[in-house]
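In: coords below, sequence missing:
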């Protein structure tokens, strides 16, 4: 991850843009986990 952040900085991508992208990625991952847990709960009901 540090490598990619370094490359992004070299390309002129701001810390704010990087932070926004990380936030979006975290939200997508959380949504996937939530959907998986709901599916498991539904199957076990």
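Out: Okay, I see it. What you are looking at is a predicted structure, and each value in this text was computed from that prediction instead of being measured.
In: burial count for residue 43?
Out: For residue 43, the count of nearby residues is 7 (other C-beta atoms under 10 Å). For the C-beta atoms, the positions are set from N, CA and C on the backbone; glycine is no exception.
In: wait, I meant residue 5
Out: 13.
In: surely it and residue 15 touch.
Out: No: Residue 5 lies out of contact with residue 15 (C-beta atoms under 8 Å); the separation is 9.2 Å.
In: which strands and helices sit next to the helix of greatest length in the chain?
Out: The longest helix of the chain (DSSP state H) is helix 15-43. Under the contact criterion of 3 or more C-beta pairs under 8 Å, 6 or more residues apart in numbering; DSSP states H and E, helix 15-43 touches helix 2-10.
In: okay, buried residues for the helix it packs on please.
Out: Under the neighbour-count criterion of 16 or more other C-beta atoms under 10 Å, helix 2-10 has nothing buried.
In: what's that helix packed up against?
Out: helix 15-43.
In: looking at the helix it packs on now, give me its mean pLDDT.
Out: The average pLDDT within helix 15-43 is 94.
In: could you tell me the angle between it and helix 2-10?
Out: If you take axes from the mean of the first three to the mean of the last three C-alpha atoms, to 10 degrees, helix 15-43 sits at 140 degrees to helix 2-10.
In: what about helix 15-43, distance to the chain center?
Out: Relative to the centre of its chain, helix 15-43 is centred 6 Å away, using C-alpha atoms, centre = their mean, to the nearest Å.
In: just stretch 6-13 next, same as before
Out: 19 Å.
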